[in-house]
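[1] give me a 3D structure for the following:
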Amino acid sequence: MTSTKSLIWTRSIADWQDDAATILTAVPSRLVLRIPCLELAASTPKLENFSCDYIIFTSANAVRFGLAVRDIDEAVRGARGIFTHGEATAAALRARGLTPIVAPVRTAAELSEWLATKLPPQAAVGLPCAAEPAWPMAQELKKKGFQANMWVCYETVAEATTTEGKALSSQAISDLCSNLHGVVAFASPSAVRGFAKVFQPELNRLHQALIAATIGPSTQAAAKAHFASVIMATTNSLPALVQLALDNL
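    Below you'll find the model as predicted:
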C-alpha cells in the first residue's frame with residue numbers, strides 16, 4: 001500500500017451503483033478508494049396514529065425504504081402534501097410519480113422551521129425515517145404544536161468495512177492508518193461515525209493526513225471531532241461533494 005493521495009468514498013455498498021457514474025466521471029478510478037462506512041437495512045415500522053395529511057421526507061433512503069411499505073406508499077399517494085428539502089430526495093420522489101413541495105432550505109433543522117410557517121395548526125404529519133435520524137424532526141414539530149409520527153423504515157449500521165461488506169482485518173486497519181492520505185468524503189454523520197469507530201483518526205496520523213469533505217452542516221459537525229481539516233460542500237448534493245473533494249485532492 002502506498003501513501004498516494006486518494007478520494008476515500010464512504011457511502012454504503014448499495015449506494016455505489018448510483019454513485020459510480022458521478023464519481024468516476026469526475027475522478028480517475030485509480031484515485032478512488034472505497035471504504036463503505038455504513039450499511040442500511042429495512043425495518044418494519046410501527047404504524048401507530050397512521051392517518052396523516054402531510055408526509056415529510058428528509059432523505060432519498062427514506063423514500064426508498066418508506067415507499068417499499070405498502071401502507072406508507074398508499075398514505076403518501078393520498079396525502080394533501082409531500083415535503084422535502086433536498087434535490088436528490090425530490091428526484092427520488094418524482095421518479096416514483098410523486099410531486100413534492102421542495103423547501104428552499106439546506107438542512108433538516110431549517111426544514112423544521114420552514115414547515116412551522118407552512119403547515120396548518122396542529123396538522124398531522126408522518127415521517128418515514130431511519131431509526132436514528134440525524135435531526136429529531138418529529139420531536140421538533142411536536143414542540144411547535146403539530147402531530148408528528150415517526151415511521152421507522154430502516155436502520156443504519158455505522159462501521160467501516162471492505163467493499164464486500166466484511167470486517168476489516170487488524171492488519172488492514174493498521175496499514176490504512178499508516179498510509180491513507182488525501183480527502184475522505186462523508187455524505188452523512190453516520191458515515192463519519194462508521195469511519196471513526198474503526199480508524200479512530202482523532203488518535204493517530206489520520207487526524208492531520210486526511211481532509212474531511214462533508215455534504216452539509218450536521219456531517220461537518222460530526223467530522224470536526226475527528227479531523228483537523230474539515231470542509232463543507234456548497235450544496236447538499238453528491239456532485240457538490242465530489243467536486244469539493246476533487247478540488248482539495
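[2] so which elements touch the helix or strand of the chain with the lowest mean pLDDT?
    Least confident element among the helices and strands of the chain, by mean pLDDT, DSSP states H and E: helix 16-26 (a mean of 90). Packing partners of helix 16-26 (3 or more Cβ pairs under 8 Å, 6 or more residues apart in numbering; DSSP states H and E): strand 6-9, strand 32-34, helix 238-247. Bear in mind the C-beta positions are built from the backbone N, C-alpha and C, glycine included.
[3] gap between the residue nearest the centre of the chain and residue 170?
    For the chain, residue 188 is the residue whose C-alpha lies nearest the centre (Cα atoms, centre = their mean; 3.8 Å). Per Cβ to Cβ, to the nearest Å, residue 188 is found 26 Å from residue 170.
[4] same deal with residue 81?
    51 Å.
[5] so which of the two has more stuff around it?
    Shown here are residue 81 and residue 170; by other Cβ atoms under 10 Å, residue 81 has more neighbours (17 against 8).
[6] mind listing what the more buried one touches?
    Taking Cβ atoms under 8 Å, 6 or more residues apart in numbering, we find residue 81 in contact with 53, 54, 55, 101.
[7] can you add pLDDT, distance to residue 67 and neighbour count and give the residues you listed back as JSON lines?
    Converted to JSON lines, those look like this (pLDDT from 0 to 100; distance: Cβ to Cβ, whole Å; neighbours: other Cβ atoms under 10 Å):
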{"residue": "53", "pLDDT": "92", "distance to residue 67": "18", "neighbour count": "16"}
{"residue": "54", "pLDDT": "97", "distance to residue 67": "16", "neighbour count": "22"}
{"residue": "55", "pLDDT": "97", "distance to residue 67": "10", "neighbour count": "26"}
{"residue": "101", "pLDDT": "97", "distance to residue 67": "17", "neighbour count": "14"}
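[8] restricted to strands, list the residues you listed.
    When DSSP state E is applied, the contacts of residue 81 are split such that 54, 55, 101 fall in strands.
[9] which residue packs closest to the last one, ignoring adjacent ones?
    The one in question is residue 101. Distance criterion Cβ to Cβ, 6 or more residues apart in numbering; nearest residue to residue 101, sequence neighbours excluded, is residue 83 at 5.1 Å.
[10] next, count neighbours for that neighbour.
    23.
[11] within the sheet, what are the partner strands of the helix or strand containing it, with directions?
    Here residue 83 sits within strand 81-84, counting by DSSP states H and E. Using DSSP bridges, the strands paired with strand 81-84 are strand 54-56 (parallel), strand 101-102 (parallel).
[12] where exactly do the helices run in the protein?
    16-26, 60-66, 70-77, 87-95, 108-116, 137-143, 170-179, 189-199, 206-209, 217-223, 238-247 (DSSP state H).
[13] so for residue 38, which of the ones you listed sits nearest?
    helix 189-199 (4.8 Å; Cβ to Cβ).
[14] angle of that closest one against helix 170-179?
    100 degrees (axes from the mean of the first three to the mean of the last three Cα atoms, to 10 degrees).
[15] got the contact list for helix 189-199?
    10-11, 35, 37-38, 132, 134, 156-160, 168, 173, 176-177, 184, 186, 201-202, 206, 212, 214, 218-219, 221-223, 225-226.
[16] for residue 41, give the beta-bridge partners.
    residue 155.
[17] ok, it - contacts?
    154, 155, 157.
[18] could you give the number of residues near residue 23?
    So residue 23, with other Cβ under 10 Å, has 23 neighbours.
[19] ok, it touching residue 242?
    Yes. Between residue 23 and residue 242 there is a contact under Cβ atoms under 8 Å: 5.6 Å.
[20] okay, and the common contacts of those two?
    Contacts common to residue 23 and residue 242, judged by Cβ under 8 Å, 6+ apart, are residue 7.
[21] quick one: contacts for the residue nearest to the centre of the chain?
    Taking Cβ under 8 Å, 6+ apart, one finds 38, 134, 215, 219 in contact with residue 188.
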